[in-house]
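**Q** quick one, fold the following:
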Amino acid sequence: MKIFLGTDFSDDRLKFTAQIGADGVSGAPEPGPGDDGFYSVETLRKHRERVESYGLEWAAVRMAPLEWTYRWMLGLPGAEEQIENFKKTIRNMADVGLVFIIFNMHALRIYRTSDQAPERAGARSTSFDISLATGNPLMEHPNSGFDIDWVPEDQREPRSDEQMWSNLKTFLEAVTPVAEETGVRLGLHPDDPPVAEISGIARIMRSPEAFRKYLDLVPSDNTGVVFCQGCFTEMGCDVPAEIRHFGGRGKIFSVDFRNIKGTLENFQETFPETGNADMVATMRAYHDSGFDGWMTPDHAIHLDGDSSWGHRYWAYAVGHIRGLDQALKGTSRS
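**A** Predicted coordinates for the structure are as follows:
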C-alpha cells in the first residue's frame, strides 16, 4: 500500500510526512490570485513541486473549497457555473500530471458534535451524537463549516433524497466525460456521519447500496469510491465483504483506514485496533480484492502534548498501516 496524509502543504508537515515513511499527501491548497472558483495550473504546479521537493507524491486533490461546490450539491442558482469551474480544475490537474480528485455530497460538512470524547489514558477523540444534530434551523448547524449567508433566505428549502440524487447525476453527467478525456479519476467519499439527514438536507451517500447506485448513474472507469472504513463501519455493514465487492471491481480509488466504536447515532473515533472493525480482516480484504493503492489513517486522535494537526498520532497510525500491510503481504507469500 501507499500511505498519504492530509496536509496544508506547510514545510513542517511535508517534512514530517516524509520522515515517518509516508509516501504522499492529499489536500486542497489555499486558492491563489488566479483561482476564481477553480484551481489554476499555476497553483497546482506550485504545490505539486513543493510536495515533490520532499520526495513525496501529491496523491489526491481532496475536497475542493466548499464555497466552490455547495451550489451544485444543493441544486442552487449558480450550480452550472460551479460545475464548469470543477471541469476547469480537472483539466488543469491533468496539465500538471495530477490524476485523482476526491469529492463528497455533504454540503453542510457536519462531521462531529464533540472533539472531547475520552479515549485510553486521557487521549481525546471526536464523537457524534445525533441528539445534538437534530432540531437545527434549516441548513444551519454550529459545526458545519457552512456559511448560511451564502444562501439567500428565499432559496433555503429542504433537500430530499430524490433532489440530492438528481444533483449528483447532473454533476456526473457533466464532469465524467472530462475526467475520461483527461485521465483524472473522481473518488466519492461517503457522507460522514451517514445519517439520513441533518438540518433538512438529505445525506444520500449513507449505505453500500447507495454506492452501487452511484456507480451505475454514469458508468465510467474514471469514477470510483473513497472507501472510508469509519463511515462504512458506521453504516453497520459487513466491511470486509464490501471491500471485496468494490475492490474486486477495481472501484476503490483510495482508503481512509480508520475505526470507530458505537453505533451510527452515537459513536466516536478510536485508535484503529480498539474499534468495531477488525483492522486485520479489513487489510486482508484489500489484499484479497487486489487493491494496492493509496491509504490514509485520517481523523487524528488527540494525544497529550501533540500538535493541533496530530504529529504524534500520525506517526503511530502510519506505522500501524505499514505494519499490517507488510505482515499480511509476508503471510500471502508463504
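**Q** run the chain-centre distance for stretch 207-217.
**A** Centre-to-centre, stretch 207-217 and its host chain are 16 Å apart (CA atoms, centre = their mean, to the nearest Å).
**Q** buried set for it?
**A** S207, P208, A210, F211, Y214, L215, L217 (16 or more other CB atoms under 10 Å). Where C-beta positions appear, they are placed from N, C-alpha and C, glycine not excepted.
**Q** and the last one, backbone torsions?
**A** Torsion angles at L217 (phi, psi; degrees, to the nearest 10) stand at phi -60, psi -50.
**Q** leaving out sequence neighbours, find the closest residue to it.
**A** The shortest distance from L217 to any non-neighbouring residue, by CB to CB, 6 or more residues apart in numbering, is to K169 (5.0 Å).
**Q** got any ranges where this protein has weak pLDDT?
**A** 331-334 (pLDDT under 70).
**Q** picking up where we left off before, ok, of the buried residues of stretch 207-217, which one's closest to G135?
**A** Checking the buried residues of stretch 207-217 against G135 by CB to CB gives S207 as the nearest, at 24.1 Å.
**Q** which residues of the protein fall in helices?
**A** 11-19, 41-52, 70-74, 79-95, 161-182, 208-217, 229-234, 239-248, 279-289, 311-333 (DSSP state H).
**Q** what helices and strands are in contact with the shortest one?
**A** Put plainly, it is helix 70-74. helix 79-95, helix 161-182 (3 or more CB pairs under 8 Å, 6 or more residues apart in numbering; DSSP states H and E).
**Q** tell me how far L5 lies from I102.
**A** Using CB to CB, to the nearest Å, L5 is found at 14 Å from I102.
**Q** please disregard the earlier target; I meant A133.
**A** 23 Å.
**Q** with adjacent residues omitted, what lies nearest to T263?
**A** Per CB to CB, 6+ apart, closest to T263 is G236, 7.5 Å.
**Q** was I right about the one you found contacting L264?
**A** Yes. G236 sits in contact with L264 when judged by CB atoms under 8 Å, with a separation of 6.3 Å.
**Q** those two: which has the busier surroundings?
**A** Neighbour count, other CB atoms under 10 Å: between G236 and L264, L264 has more, with 18 against 12.
**Q** check contacts around that one.
**A** I130, P193, P194, V195, E234, M235, G236 (CB atoms under 8 Å, 6 or more residues apart in numbering).
**Q** tally of neighbours for V225?
**A** Neighbours around V225, by other CB under 10 Å: 26.
**Q** surely it is in contact with G187?
**A** Yes. Between V225 and G187 there is a contact at 6.6 Å, judged by CB under 8 Å.
**Q** any shared contact partners between the two?
**A** Contact criterion CB under 8 Å, 6+ apart; residues shared by V225 and G187: F253.
**Q** Y316 and F103: what is the separation?
**A** 29 Å.
**Q** who has more neighbours, the two?
**A** F103 (19 against 16).
**Q** so what's the more buried one up against?
**A** M63, A64, T69, L186, G187, L188, H189.
**Q** of all these, which two lie farthest apart?
**A** Using CB to CB, these span at most 14.5 Å, a distance reached by T69 and G187.
**Q** just among the contacts of F103, which is most surrounded?
**A** Counting by other CB under 10 Å, top hit in these: L186 with 24 neighbours.
**Q** any idea how far it is from L168?
**A** From L186 to L168 the distance is 11 Å (CB to CB).
**Q** please apply the same query to T182.
**A** As judged by CB to CB, T182 and L168 stand 20 Å apart.
**Q** with neighbour numbers in mind, choose between those two.
**A** L168 (23 against 18).
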